[in-house]
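Colleague: could you work out the structure for the sequence below:
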Amino acid sequence: MSAALRIAGDEWRLWYRSRRVVVGLAAFILLLGSAAALTAVRLSVEKHRRLALQTHADDSFATQPDRHPHRMVHYGHYVFRPPAPFAIFDPGVDAVTGEAIFLEGHRQNAATFADERAGANVGGFGRLTPALLYQVFLPLLLIALGHGAIIRERENGTLATLLAQGTTARALMMGKVLALAGLVAVMLVPAAIAVGVAVADGEDAIIATAIVLSYAAYLLIWAGIIVAASLLCRERAMALGTLLVTWLTWTLVVPPLAVAVTSARHPTPSKLESDLRMQAAIRASGDGHNASDPAFARLRAQLLAKYDVDRVEDLPVNIRGVVAEASEAKLTDILNTYADGRMDREAEQARGMMSFGWLSPTVAIAAASRTLAGTDLATHHRFLREAESLRFEFVQRLNRIHAEQLAFSDDVRRSSDAEAERRTRVSKNNWSLLSAFRFSRADPADRASATRSFWAMLAAWMVAIVVACATGARRLSP
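Modeller: Residues are numbered from 1 along each chain as shown. Have a look, this model is predicted:
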């Protein structure tokens, strides 16, 4: 190990004396610092803006005057998803999935206010972020610095001397890897600072450590393949060309290929087709605004039998509210069926894309990074489901108020009788039922568990690189 450390030290001194190396590192650090600062500023602005908008939406809903409960069903309410603290490092899919949902009766609205136009490759090259720099551009810098690590010794005539003096090929290989690993450690300091800021903002320290270790493993894979190429190739041009083709394949070819293949294997119906089918099913379920709709004949008969009366006017509950509640339940089942189907297909596509991590460690680290950061597709789906659960609860509470607190005789005459209209207004104290919703990030243990397959991919790549380096070391000759 002492020989390997000595070789690594010689490599670091060489880099330090090289003006091009210093300039390249300084340029990368400047770019990384700029991306991190811009992302942090944007995230801080977004966090405060969304909190202010959520507070305004809560206040606007809660301060509405006494109204008919069904008026408030249609008045609706916005809920916002705050940005995850780790979005300072990896914003993931946040920019393309939308940040808010308008909750109202009888429908499920899509998330709105996305920063960018969504594409098939969610979480891809949307904007320059620290995560993107580590995934794509830092490997390119490592290639520029290390592609001639062994070849340079051969070109300078020092390789034969080193081997003749008793330095083993394995020690030489380990020294070059350690030199690149030391550079990787230095370049991971900004990442550690970024995730440290997220920890100070309330994130989990173990997840922060997992993010840094994930990127360390990814960059060590690059360090290994760079040294392996320098071991196996006898000319700089060949090593550099091989590494650049590898970089292009892993970072620019495999990700869009994964999108194309996954989209072909798991096609999704068009929005128009889905909406037409869904609307047909909703129409068949009955009109919840019409208590006389034939779709609710059985419900009316059951109520009359339950309370042993002959007319809906004699019921102790308001048939209109009861029908509205039953209709909303049926309609929500239909909406959830189509929404769950869409999200299941999206999740299936995401899993198909992530399986390409076996072909490219860049795909694996990108998926692991988004999952650990809580900025992945699964987090967006959880937001949609939690928002829908709130929507259904809030609509049904108002429907129960409609059924239990409003007289049917007043309800049918409120359009023509001012006193009846006044009596069908319920207290504004009922509007506070939405104020408790706050979307929270997933449990750290769940996020860590979800990245096990990506860690397996990175581990497999590390084993393959170790084998390649060992093979190159055995074949090394002056």
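Colleague: check what pLDDT A57 gets.
Modeller: pLDDT recorded at A57 is 86.
Colleague: how about A110?
Modeller: At A110, pLDDT is 82.
Colleague: just give me the neighbour total for the spatially closest residue to it that is not a sequence neighbour.
Modeller: Residue nearest to A110 in three dimensions, not counting chain neighbours: G98, with 6.9 Å by Cβ to Cβ, 6 or more residues apart in numbering. Quick note: C-beta positions are derived from backbone N, CA and C, even for glycine. Neighbour count for G98, taken as other Cβ atoms under 10 Å: 20.
Colleague: G98 against T112, yeah?
Modeller: Yes - proximity of G98 to T112 meets the contact threshold set by Cβ atoms under 8 Å, at 5.1 Å.
Colleague: which regions of this structure lie under the pLDDT threshold?
Modeller: Counting by pLDDT under 70, the chain contains low-confidence residues at 1, 113-126, 433-436, 477-478.
Colleague: who's in contact with the residue of it most remote from its centre?
Modeller: Going by Cα atoms, centre = their mean, the residue of the chain most distant from its centre is D310, 56.0 Å out. Going by Cβ atoms under 8 Å, 6 or more residues apart in numbering, D310 touches L304.
Colleague: for the one 4 residues further on, same thing?
Modeller: D314 is in contact with Y307, counting by Cβ under 8 Å, 6+ apart.
Colleague: again with V312
Modeller: Counting by Cβ under 8 Å, 6+ apart, V312 has contacts 291, 300, 303-304, 319, 408.
Colleague: tell me which element V254 falls in.
Modeller: Following DSSP states H and E, one finds V254 within helix 254-265.
Colleague: which element follows that helix toward the C-terminus?
Modeller: helix 271-284.
Colleague: contacts for that following helix?
Modeller: With Cβ under 8 Å, 6+ apart as the test, helix 271-284 has contacts from 295, 331, 334-335, 338, 342.
Colleague: make CSV from those and add neighbour count and secondary structure to it.
Modeller: Listed next are the contacts of helix 271-284 as CSV, based on neighbours: other Cβ atoms under 10 Å; DSSP: H, G, I helix; E, B strand; the rest coil:
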residue, neighbour count, secondary structure
A295, 17, helix
L331, 21, helix
I334, 18, helix
L335, 20, helix
Y338, 17, helix
R342, 16, helix
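Colleague: and these, which is closest to H402?
Modeller: Each of the contacts of helix 271-284 was checked against H402 using Cβ to Cβ; the closest is L331, at 15.7 Å.
Colleague: tell me which residues touch that closest one, please.
Modeller: With contacts defined as Cβ under 8 Å, 6+ apart, L331 is in contact with 106, 282, 285, 288.
Colleague: most neighbours out of these, which is it?
Modeller: For those, the largest number of neighbours (other Cβ under 10 Å) sits with G288, at 24 neighbours.
Colleague: before we move on, back to that, hey, C-alpha coordinates of the helix holding V254 in CSV?
Modeller: Provided in CSV are the C-alpha atoms of helix 254-265 (Å, rounded to 0.1, in the frame of the first residue of the first chain):
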residue,chain,number,x,y,z
VAL,A,254,-28.7,4.9,-22.8
PRO,A,255,-31.0,7.3,-21.0
PRO,A,256,-33.1,8.4,-24.1
LEU,A,257,-32.9,4.8,-25.3
ALA,A,258,-34.4,3.7,-22.0
VAL,A,259,-37.2,6.2,-22.6
ALA,A,260,-37.9,5.0,-26.1
VAL,A,261,-37.8,1.3,-25.3
THR,A,262,-39.9,1.6,-22.2
SER,A,263,-42.5,3.8,-24.0
ALA,A,264,-42.8,1.1,-26.7
ARG,A,265,-43.0,-1.8,-24.2
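Colleague: tell me where this protein has strands.
Modeller: 77-80, 100-103 (DSSP state E).
Colleague: quick revisit: how near is the residue farthest from the centre of the chain to Q302?
Modeller: Distance, D310 to Q302, by Cβ to Cβ, to the nearest Å: 14 Å.
Colleague: which residue packs closest to the one residue sitting closest to the centre of the chain, ignoring adjacent ones?
Modeller: Nearest residue to the geometric centre of the chain (Cα atoms, centre = their mean): D376, 1.5 Å. Leaving aside its chain neighbours, D376 sits nearest to R370 (4.0 Å; criterion: Cβ to Cβ, 6+ apart).
Colleague: I'd guessed the one you found sits against F89; true?
Modeller: No - the criterion here is Cβ under 8 Å, and R370 misses it with F89 at 10.5 Å.
Colleague: quick one, what contacts the nearest residue to D410 once chain neighbours are set aside?
Modeller: Excluding the flanking residues, the one nearest D410 by Cβ to Cβ, 6+ apart is A420, at 4.2 Å. Counting by Cβ under 8 Å, 6+ apart, A420 makes contact with 409-411, 413-414.
Colleague: how about a cut-off of 6 Å?
Modeller: For A420, the contact set (Cβ atoms under 6 Å, 6 or more residues apart in numbering) comprises 410, 413-414.
Colleague: looking at those residues, which is nearest F392?
Modeller: R414 (25.7 Å).
Colleague: pretty sure that closest one sits against R422.
Modeller: No - using Cβ atoms under 6 Å, R414 is not in contact with R422; the gap is 8.5 Å.
Colleague: the two: which has the busier surroundings?
Modeller: Neighbours were counted for R414 and for R422 using other Cβ under 10 Å; R414 has more, 18 against 11.
Colleague: residues contacting that one?
Modeller: R414 makes contacts with 420-421, 424, as judged by Cβ under 6 Å, 6+ apart.
Colleague: kindly report the same for I401.
Modeller: Counted by Cβ under 6 Å, 6+ apart, I401 has contacts 69, 426.
Colleague: any chance of the contacts of V312 in TSV, plus distance to V177 and neighbour count?
Modeller: As requested, these are arranged in TSV below (distance: Cβ to Cβ, whole Å; neighbours: other Cβ atoms under 10 Å):
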residue	distance to V177	neighbour count
A291	76	21
R300	78	18
L303	77	18
L304	82	16
I319	77	22
F408	80	21
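Colleague: sort out for me which of these are in helices.
Modeller: In helices, defined here by DSSP state H, the members of those are 300, 303-304, 319, 408.
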